[in-house]
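Enquirer: Just the structure for this:
(4 chains)
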There are 2 protein chains.
Amino acid sequence: MDIWKRFGEKEITHSMAHYLQAVAALKNDKGFARVGDIADRLGVSKSGVTSMLRSLQSRGLVDHEPYGCVELTPLGLQLARRTESNRRLLSVFLSEILGVAESVAEEDACMIEHLVSPQAAVELLRLTTFLRSQHPAALQFREAFRNTPRTCSDHAPGDCDICGATCLVDSLLRPPPAADAGPAA
Amino acid sequence: MDIWKRFGEKEITHSMAHYLQAVAALKNDKGFARVGDIADRLGVSKSGVTSMLRSLQSRGLVDHEPYGCVELTPLGLQLARRTESNRRLLSVFLSEILGVAESVAEEDACMIEHLVSPQAAVELLRLTTFLRSQHPAALQFREAFRNTPRTCSDHAPGDCDICGATCLVDSLLRPPPAADAGPAA
DNA sequence: CAAGAAAGTTTAGGCATGTTAACTCTCGGA
DNA sequence: TCCGAGAGTTAACATGCCTAAACTTTCTTG
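Expert: This next block holds a predicted model:
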């Protein structure tokens, strides 16, 4: 039951994903990617870039010889593209389908982009494009979904199999309890 | 443009979320949570638990005096519950709505559970309960969605605003390129 | 071509999270 | 009462990812 430990075994970490995307973007914009440009773009120090590049190179994701420019390997490019597509997809899904505020949608997408499995991404893309389409069922959905209630007490009084005892909505939208560790009795 | 750096500033990390959940579960199952039980449940060493508890205590998420049992503070309990609800929600959404295989859905949910914003979670719950319901629009959706195509060339030939140049489906389902960093010309 | 500026790297160190090994505390039984 | 087993903690170390400061390489320009 140790799924959670595999967090550290993902093919790439959050940081790595963003380094790869930065290299891809610079390659695209200027034709080449230098250490300093990557550092500027990501808001990290140049030494941080150097050491991350070493790590990415050891994983076969970039090519980088000292004092030279950085190139993505085919694998690195694939991961960069995949991560970017995932982010766009999540962002659209969250903001357009779910109606979450743009800024929140983008932040969520950025946090999650590298963690979504290919299987889930493919199906989420299918759902998103379907629900945005002009298909009659999609039109009906949009009309009906607008008026759907938010809390479990509305959709499943006393028995929501997702939320259990406390409705997610209640616990999420309520302000946090007094933080100073003092359960007053 | 440094959203990505806020990854490290989330209220809790992936590890912390699972420690909190372990404590909550043990409290629930046995009435108390000891260091050794937490270690067993999470598959980490006892010393790892001790040091994580120090960190959680400094954030006001648990109470723990040396050689004693562990208690969740109100804030810690709230985070544990929230994370668990998020995971159940994501798991149901991925497997039931999107049709992703259970095992993949659970792994994805576990990776993402602590990163989903309250806003997104609330709306995702709304969407999920709606699409699972007997509402006519939901019935129509399920019928129609079953036959929706997967690739961009079907739903938006040559112009998918999510995927850009390369359809997500193509890049996700294609096997990775030869990994040995050798772009053979 | 040489010298300074610009770019990049190395070194040393910090924080989070984990490990193992060795030490200390607590408690139950002879 | 006291002693040993088991539970918990500390110490020392590893890895990932970041920083600042010092050093090296490369470029530019007079």
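
Enquirer: Spatially nearest residue to A:G76, not counting backbone neighbours?
Expert: Take A:G76 and drop its neighbours on the chain: the residue closest to it by C-beta to C-beta, 6 or more residues apart in numbering or on different chains is A:L61, 3.6 Å away. For every residue, glycine as well, the C-beta is placed using N, CA and C.

Enquirer: The one you found is in contact with A:L75, isn't it?
Expert: Yes. Taking C-beta atoms under 8 Å as the definition, A:L61 is a contact partner of A:L75 at 5.9 Å.

Enquirer: which one of the two has more residues nearby?
Expert: Just comparing A:L61 and A:L75: by other C-beta atoms under 10 Å in any protein chain shown the higher neighbour count belongs to A:L61, 26 against 20.

Enquirer: Check the gap between the more buried one and A:H114 for me.
Expert: Counting by C-beta to C-beta, to the nearest Å, the gap between A:L61 and A:H114 amounts to 13 Å.

Enquirer: tell me, what's touching the two both at once?
Expert: A:I12, A:M16 (C-beta atoms under 8 Å, 6 or more residues apart in numbering or on different chains).

Enquirer: and A:A22, what element?
Expert: Element membership for A:A22 (DSSP states H and E) is helix A:14-30.

Enquirer: hmm, that helix touching DNA strand C?
Expert: No. Contact check for helix A:14-30 against DNA strand C, using C-beta under 7 Å from any atom of the strand: none in range, with a minimum separation of 10.9 Å.

Enquirer: Surely A:L90 is in contact with A:M111?
Expert: No. A:L90 is beyond contact range of A:M111, at 9.3 Å (criterion: C-beta under 8 Å).

Enquirer: immediately after the longest helix along chain A, which helix or strand?
Expert: Ranked by residue count and defined by DSSP state H, the top helix of chain A is helix A:74-92. Going down the chain from helix A:74-92, the next helix or strand is helix A:102-112, by DSSP H and E.

Enquirer: And the next helix or strand past that following helix?
Expert: helix A:118-132.

Enquirer: Check which helices and strands that following helix is in contact with.
Expert: helix A:74-92, helix A:136-145, helix B:102-112, helix B:136-145, helix B:168-173 (3 or more C-beta pairs under 8 Å, 6 or more residues apart in numbering or on different chains; DSSP states H and E).

Enquirer: Are the third one and DNA strand C in contact anywhere?
Expert: Spelled out, that is helix B:102-112. No. Between helix B:102-112 and DNA strand C, judged by C-beta under 7 Å from any atom of the strand, nothing touches; the nearest distance is 13.2 Å.

Enquirer: from the chain's centre, how far out does that helix sit?
Expert: If you compare the mean C-alpha spot of helix B:102-112 with that of the full chain, they lie 7 Å apart, counting by C-alpha atoms, centre = their mean, to the nearest Å.

Enquirer: Put the alpha carbons of that helix into PDB.
Expert: C-alpha atoms of helix B:102-112 as PDB (Å, rounded to 0.1, in the frame of the first residue of the first chain):
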ATOM      1  CA  GLU B 102      -8.800   1.600 -11.400                       C
ATOM      2  CA  SER B 103      -5.100   1.100 -10.600                       C
ATOM      3  CA  VAL B 104      -4.100   4.100 -12.700                       C
ATOM      4  CA  ALA B 105      -6.900   6.200 -11.400                       C
ATOM      5  CA  GLU B 106      -5.800   5.500  -7.800                       C
ATOM      6  CA  GLU B 107      -2.100   6.200  -8.500                       C
ATOM      7  CA  ASP B 108      -3.000   9.500 -10.200                       C
ATOM      8  CA  ALA B 109      -5.300  10.500  -7.400                       C
ATOM      9  CA  CYS B 110      -2.600   9.800  -4.800                       C
ATOM     10  CA  MET B 111      -0.100  12.000  -6.600                       C
ATOM     11  CA  ILE B 112      -2.500  14.900  -7.100                       C
END
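
Enquirer: Could you tell me which residues of chain A lie near DNA strand C?
Expert: If contact is defined as C-beta under 7 Å from any atom of the strand, the residues of chain A in contact with DNA strand C are A:5, A:34-37, A:46-47, A:49-51, A:53-54, A:64, A:66-67, A:69.

Enquirer: Among those, which lie within strands?
Expert: Among these, the residues falling in strands (DSSP state E) are A:H64.

Enquirer: DNA strand D next: which of the residues of chain A next to DNA strand C are close?
Expert: Checking the residues of chain A next to DNA strand C against DNA strand D (C-beta under 7 Å from any atom of the strand), the matches are A:K46, A:S47, A:S51, A:P66, A:Y67.

Enquirer: The helix holding A:A22 vs chain B: in contact?
Expert: Yes. With C-beta under 8 Å from any C-beta of the partner chain as the threshold, helix A:14-30 lies in contact with chain B, specifically through A:H14, A:S15, A:H18.
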